[in-house]
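Colleague: Next input, structure requested:
(one chain, ligands or ions: 2)
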Amino acid sequence: MGNVMKVGTFLPPPDARVSGSEPQGTYNPGELRGIIRVNQDKCVGCDTCRENCPADAMMGEIGVAHKIDLDKCIACGQCLINCPFGAIEQMSFVDEVMGKLNDPKVVVVGIPAPAVRVAIAEEFGAPPGTLTVKKLHSAMKKAGFKVYENNLAADQTILEEGGEIVGKIRYWVLGERSKELEEFGKHPFPHFTSCCPAWVRYAEINYAALLPHISGARSPMLMAGPSAKTWAALNIWKVDPVKVYTVGIMPCTAKIFEASRPEFHAAWKFLREKKIIPDNTPKFPDIDAVLTTRDLAEVFRRKGINPLEMPEEAEEKITEMYTGGATIFGNSGGVMEAALRYAYQVVSGKNPPSWDIYAVRGYTKYGVKEATITLPLKDGKTITVRTATVNGIKNHLDKVVKDVLSGQSPYDIIEVMNCPGGCINGGGQPVQPMGTSWIDPLLPLRLKV
Ligand code: SF4
Ligand code: SF4
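Modeller: Residues are numbered from 1 along each chain as shown. Ligands and ions are numbered 1, 2, ... in the order given. Model (predicted):
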């Protein structure tokens, strides 16, 4: 194991899922509560977690063991990766996934997110930022996973979200009216991204009036799950979809929560409607379990696999292919950039002069990165799009949202990622010694801003 901190984990308690048919507090039936918890024996009440909590969910006096207000908690894990005493723990599905990997009747599909491939190597002693893509795929296959790239699904997300942005431009900016565009009339600018489940839960709890502004596109993980259980199961792997068990492999603890949301059963619905599975098939989720980057490292350790020693996988299957627009999702500004590339191409009918839109990209210590982008139209006119990339909810989001709600916002498209710098700094990533996340300005950064 490399120079990273060991993070405590716990099995999902029997009452972790909200039972019955009524919401409990801020949770809907079926959702997981308490994904992050404070170990009362280890917490010294130093308050570092409160300093890093975006949702004001941490309770307790200085010097006294802290607790989490679960109705406010958005499960982001920022408290965990910043705790200097290793006192914060994460609910883990490693045991369940190991059981599935060891069961020959189950087809286990791993869905690795972009930020995992630049972090998993740290758990095995490589320097932060070491990129492993094909070694990671090889290691996953050796462990028994089939690979469905989350990046492939990120490309789908951009087709959908970019399509929404173009639809809104046609309705709200160009004044077009048609049956096809009617729906966009209910979703005004500014447009907010929807990939970050911590942000979506934060908005639901604190700013419900904002929901019509948030993209309706599923996050890549929730696009990958149903695609793996339908298209890939039937056409690529040629297996019974009911035997497919999907595992999101994410840099993010909030993804554990997102997978449990009751609305995500699209594969089950589709397969029944198409009579591919019997009507009485019990309901199954699009994503069965989520492993964090740290959890995946634990699976590899239990299986005796070091991904750094694996060969570069030569064969690339269709479920492992993706574009550069998808792989930038892991960094702040990446979703925005990919959406703008798509919008540019569709509204102008030509490729942008450069695929790199640096103005929207990257981490800024000021929290909100602003840009003005010009999009040419097919008739020779141009439109201007004002963008904001919010680098971390804590300290930076509330003013942006209040301006939107009061009609004063200068922006047209707003990307929100809960974690400072984006998912690369997510709550499921390897934790540096002393529990300071690697993007902390005190650490020697190799990040170019
Ligand atoms: S998981 Fe996130 S929201 Fe919950 S207590 Fe920790 S920092 Fe706060
Ligand atoms: S920014 Fe990324 S890692 Fe952090 S909570 Fe959102 S989706 Fe998860």
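Colleague: Not counting its neighbours along the chain, what's nearest Y322?
Modeller: In space, and not counting its chain neighbours, Y322 is closest to N151: 3.4 Å by Cβ to Cβ, 6 or more residues apart in numbering. All C-beta spots, glycine's among them, are computed from the backbone N, C-alpha and C.
Colleague: Share the number of residues neighbouring that neighbour, please.
Modeller: 27 (other Cβ atoms under 10 Å).
Colleague: I'd say it and R117 touch.
Modeller: No. With the criterion set as Cβ atoms under 8 Å, N151 and R117 do not qualify as a contacting pair; they are 9.2 Å apart.
Colleague: and the residue of the stretch 201-350 of the chain found nearest ligand 2, which of the three is it?
Modeller: Evaluated by Cβ to the nearest ligand atom, the stretch 201-350 of the chain has C252 as its residue closest to ligand 2, separated by 3.0 Å. Judged by DSSP: H, G, I helix; E, B strand; the rest coil, the three-state class of C252 is coil.
Colleague: Leaving out sequence neighbours, find the closest residue to it.
Modeller: Computed as Cβ to Cβ, 6+ apart, the closest residue to C252 that is not its neighbour in sequence is G426, at 4.2 Å.
Colleague: Quick check: phi and psi on R17?
Modeller: As for R17, its main-chain torsions (degrees, to the nearest 10) stand at phi -90, psi 140.
Colleague: roughly how far apart are it and Y27?
Modeller: Per Cβ to Cβ, to the nearest Å, R17 is found 9 Å from Y27.
Colleague: Please enumerate the shared neighbours of these two.
Modeller: Between them, R17 and Y27 share these contacting residues under Cβ atoms under 8 Å, 6 or more residues apart in numbering: R33.
Colleague: Of those two, which one has the most company?
Modeller: When neighbours are counted by other Cβ under 10 Å, Y27 comes out ahead of the other of R17 and Y27, with 19 against 14.
Colleague: isn't that one right next to G20, touching?
Modeller: No. Under the criterion of Cβ under 8 Å, Y27 makes no contact with G20, lying 11.1 Å away.
Colleague: After the least confident helix or strand in the chain by mean pLDDT, which helix or strand is next?
Modeller: Counting by mean pLDDT, DSSP states H and E, the weakest-scoring helix or strand in the chain turns out to be helix 324-327, with a mean of 78. Toward the C-terminal end, the helix or strand that comes next after helix 324-327 (DSSP states H and E) is helix 334-348.
Colleague: How about that next one and ligand 2, any contact?
Modeller: No. Under the criterion of Cβ under 6 Å from any ligand atom, ligand 2 is not reached by helix 334-348; the shortest gap measures 10.0 Å.
Colleague: Tell me the gap between the least confident helix or strand of the chain and the middle of its chain.
Modeller: Centroid displacement of helix 324-327 relative to its chain, using Cα atoms, centre = their mean, to the nearest Å, is 14 Å.
Colleague: measure G367 to ligand 2 for me?
Modeller: 14 Å (Cβ to the nearest ligand atom, to the nearest Å).
Colleague: That residue: what's it in contact with?
Modeller: Contacts were defined as Cβ under 8 Å, 6+ apart; by that measure G367 touches 390-392, 395-396.
Colleague: if we go to 6 Å?
Modeller: Contact criterion Cβ atoms under 6 Å, 6 or more residues apart in numbering gives 391, 396 as the residues in contact with G367.
Colleague: Ok, Y344 next?
Modeller: With contacts defined as Cβ under 6 Å, 6+ apart, Y344 is in contact with 352, 375.
Colleague: And for V390?
Modeller: With contacts defined as Cβ under 6 Å, 6+ apart, the neighbours of V390 are 368, 396-397, 400, 416.
Colleague: Let's see that with 10 Å instead.
Modeller: 192-193, 196, 199, 332-333, 367-369, 396-397, 399-401, 411, 414-418, 420 (Cβ atoms under 10 Å, 6 or more residues apart in numbering).
Colleague: Kindly report the same for P433.
Modeller: By Cβ under 10 Å, 6+ apart, P433 lies in contact with 3-5, 84, 86.
Colleague: Can you redo those residues as TSV, where the extra columns are secondary structure?
Modeller: As requested, these are arranged in TSV below (three-state DSSP):
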residue	secondary structure
N3	coil
V4	coil
M5	strand
P84	coil
G86	coil
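Colleague: Show me how to select, in ChimeraX, the buried members of those residues.
Modeller: Selection of the buried residues among the contacts of P433 in ChimeraX, burial being defined by 16 or more other Cβ atoms under 10 Å:
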select :4,5,86
